[in-house]
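*Asks:* Below are the sequence and a predicted model; questions follow.
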Amino acid sequence: MSSAFLNQMSSFWSSPAATAAPWSNIKTTLPRDIHAHVQKVYANLATMLALSAVAAYADLVGIVNGGSWSLLACFACMMVFTFTPPTRSNERLRQYLLYGFSFTKGLSLGPLIAHTLYLNPAIVVKALLGTAMVFGCFTVSVLTSPRRDVIYLRGVMATATMTLAGLSLVNAFMGSAALFSVELYFGLLVFAGFVVYDTQLMIAKAEMGNRDYLGHSMEL
């Protein structure tokens, strides 16, 4: 009996499945042209995040002070970008608007980050790592999945968003710690759901011929 057990353990550890790296089987199911479009979107999204980080740092050290003006400028860039058609002649303008939106967004977040650093610097690090982990994991799950059925859950996601907004409004008057916890973790689930939904929607649009990588970056 012991020899049989040892033989089974030996065959298990010597099997190809055990010796292969677990991430070696992770492959996208996207066609080559869609894969190139997704790479372009995420490269542009990384640039946007870098600009927001630089702007937030500039506000923290006092180089440029954000506030109401940066919030209005952020909203203006977003609205003009939304109503500018994605044509070849407008690509440079839309790119500047997108990067302007990212920079002013970072300036607007600067005061909030400064207040958080004053309370507890670890909160910023945890928020950054947690957001990156959730966004990265759920994005990889979409890119490696052949199914696109989550894009039909738009009504569910909209209902969840309205529910979250209602909870926030109610708790603004109640001040309940328990309701705040429900709102916090429910918001995390909604955020994860939108990561999956928006990524699948971007891929579905690309498969139908929409290669507006700037618009897709804004949606993400």
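*Replies:* Happy to help now that I have it.
*Asks:* Please make it C-alpha for all contacts and neighbour counts, starting now.
*Replies:* Fine.
*Asks:* for Gly175, what are its contacts?
*Replies:* Contact analysis of Gly175 by C-alpha atoms under 8 Å, 6 or more residues apart in numbering lists nothing.
*Asks:* I'd like the distance between it and Pro111.
*Replies:* 23 Å (C-alpha to C-alpha, to the nearest Å).
*Asks:* Measure how buried Leu93 is and give me the count.
*Replies:* Counted by other C-alpha atoms under 10 Å, the residues lying close to Leu93 total 15.
*Asks:* Phi, psi for it please.
*Replies:* phi -60, psi -50 (degrees, to the nearest 10).
*Asks:* Against Ala43, how distant is it?
*Replies:* 18 Å.
*Asks:* cool, Phe83 as well?
*Replies:* For Phe83 relative to Ala43 (C-alpha to C-alpha), the value is 23 Å.
*Asks:* So which of these two has more stuff around it?
*Replies:* Taking neighbours as other C-alpha under 10 Å, Phe83 and Ala43 compare with Ala43 leading, 13 against 9.
*Asks:* Secondary structure element for that one, which one?
*Replies:* In the assignment (DSSP states H and E), Ala43 maps to helix 32-61.
*Asks:* Check Asn65 too.
*Replies:* Going by DSSP H and E, Asn65 is not in any helix or strand.
*Asks:* Please report how far it lies from Tyr99.
*Replies:* For Asn65 relative to Tyr99 (C-alpha to C-alpha), the value is 18 Å.
*Asks:* the more surrounded of those two?
*Replies:* Neighbour count, other C-alpha under 10 Å: between Asn65 and Tyr99, Tyr99 has more, with 24 against 18.
*Asks:* Report the contact partners of that one.
*Replies:* Met48, Leu51.
*Asks:* Next, the angle helix 32-61 makes with the host helix or strand of it.
*Replies:* Secondary structure assigned from DSSP H and E places Tyr99 in helix 91-119. If you take axes from the mean of the first three to the mean of the last three C-alpha atoms, to 10 degrees, helix 91-119 sits at 50 degrees to helix 32-61.
*Asks:* What residues of helix 91-119 count as buried?
*Replies:* Across helix 91-119, burial judged by 16 or more other C-alpha atoms under 10 Å covers 94-95, 97-111, 113-114.
*Asks:* In this structure, which residue is most central in space?
*Replies:* Nearest to the geometric centre of the chain sits Phe135, at 4.8 Å (C-alpha atoms, centre = their mean).
*Asks:* Which residue ranges of this structure form helices?
*Replies:* 2-13, 16-19, 32-61, 68-82, 91-119, 121-143, 154-174, 177-207, 213-219 (DSSP state H).
*Asks:* Could you count how many residues lie near Leu220?
*Replies:* There are 14 residues near Leu220, going by other C-alpha under 10 Å.
*Asks:* any idea how far Pro86 is from it?
*Replies:* Leu220 is 17 Å from Pro86, by C-alpha to C-alpha.
*Asks:* Residues in contact with stretch 121-132: which ones?
*Replies:* For stretch 121-132, using C-alpha under 8 Å, 6+ apart, the contacting residues are Ile113, Thr116, Leu117.
*Asks:* Now do the helix holding Ala43: which elements does it pack against?
*Replies:* helix 91-119, helix 177-207, helix 213-219 (3 or more C-alpha pairs under 8 Å, 6 or more residues apart in numbering; DSSP states H and E).
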